[in-house]
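Asks: Quick one: sequence plus predicted model below, questions after.
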Amino acid sequence: MDDATRERIQKMIDEHPVVLFMKGTKSFPQCGFSATVVEVLRRSETEFLDVNVLEDPAIRQGIKDFAQWPTIPQLYVQGKFVGGCDIVREMYESGELSPVLEAAKG
Amino acid sequence: MIEAHEVEAKILEGVPDAQHVKVEDLTGTKDHYRATVVSSAFEGKSRVEQHKLVYASLGALVGGDVHALALSTYTPAAWAAKQG
């Protein structure tokens, strides 16, 4: 991954408390796993930046290297990688996610 | 495309002390899988770290032949509790 891509990613997660790198957009998710995370965030009444990796191939590959995580979607809260669809859903169901999201609303 | 048993074999081989590995084909198209993995290597690790151990055992497969891999990871104790 080139530095420009790394800096773009870093800037997005630094400037937005909650960022979701996904396939599609929050209004038109184009993958079941991405749609699941969008739904979790909606139910948690959490504002977030949606980054459509389908329109940005450099980010699509770069984000996998950035987090050392091979799949999309990827959720970041306060600059930290939280997880993909499974982990976010498990955390939501177990109640671990809401304090993390509340802290980001700060 | 890859067979479920091949994914199982790779996880069993790659994840230290993998005691139980079950891989299901979610869509019948041999590229969307769910994997349940039990290992003592998960103890003291966050979910992200646990999942990374499984991804590491599969190398470039995930994101390549395997488009999606839904993971459920357990320590032996958590798995025993889940079995109830």
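Replies: Arrived safely. Residues are numbered from 1 along each chain as shown, chains lettered A, B, ... in the order given.
Asks: In the chain, mark out all the strands, start to finish.
Replies: No chain was given, so I picked chain A. A:18-22, A:49-52, A:74-77, A:80-83 (DSSP state E).
Asks: That was the other one, I meant chain B.
Replies: B:18-25, B:32-39, B:68-74.
Asks: want to try TSV for those strands, with distance to residue A:75, mean pLDDT and mean neighbour count as columns?
Replies: All C-beta atoms are positioned from the backbone trio N, CA, C, and that covers glycine. Converted to TSV, those look like this (distance: least, Cβ to Cβ, whole Å; pLDDT from 0 to 100; neighbours: other Cβ atoms under 10 Å in any protein chain shown):
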stretch	distance to residue A:75	mean pLDDT	mean neighbour count
strand B:18-25	25	95	16
strand B:32-39	20	95	21
strand B:68-74	15	91	21
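Asks: Tell me which of the ones you listed sits nearest to chain A.
Replies: strand B:68-74 (5.4 Å; Cβ to the nearest Cβ).
Asks: got the CA positions of that closest one in CSV?
Replies: Extracted in CSV, the C-alpha atoms of strand B:68-74 (Å, rounded to 0.1, in the frame of the first residue of the first chain):
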residue,chain,number,x,y,z
ALA,B,68,-16.7,-14.6,2.8
LEU,B,69,-15.9,-16.4,6.0
ALA,B,70,-18.2,-16.0,9.0
LEU,B,71,-16.2,-17.0,12.1
SER,B,72,-17.2,-18.2,15.5
THR,B,73,-14.2,-18.7,17.8
TYR,B,74,-14.3,-20.3,21.3
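Asks: Sheet partners, orientation included, of that strand?
Replies: strand B:32-39 (parallel) (DSSP bridges).
Asks: and the partner strand with strand B:18-25, angle?
Replies: If you take axes from the mean of the first three to the mean of the last three Cα atoms, to 10 degrees, strand B:32-39 sits at 170 degrees to strand B:18-25.
Asks: List the contacts of strand B:32-39.
Replies: B:4, B:7-8, B:11, B:15-26, B:53-54, B:66-76, B:79 (Cβ atoms under 8 Å, 6 or more residues apart in numbering or on different chains).
Asks: Tell me the gap between it and the middle of its chain.
Replies: In terms of Cα atoms, centre = their mean, to the nearest Å, the centre of strand B:32-39 is set 3 Å apart from its chain centre.
Asks: same question, stretch B:21-36
Replies: Offset of stretch B:21-36 from its chain centre (Cα atoms, centre = their mean): 10 Å.
Asks: cool, stretch B:60-74 as well?
Replies: Mean-position distance between stretch B:60-74 and its chain equals 8 Å (Cα atoms, centre = their mean).
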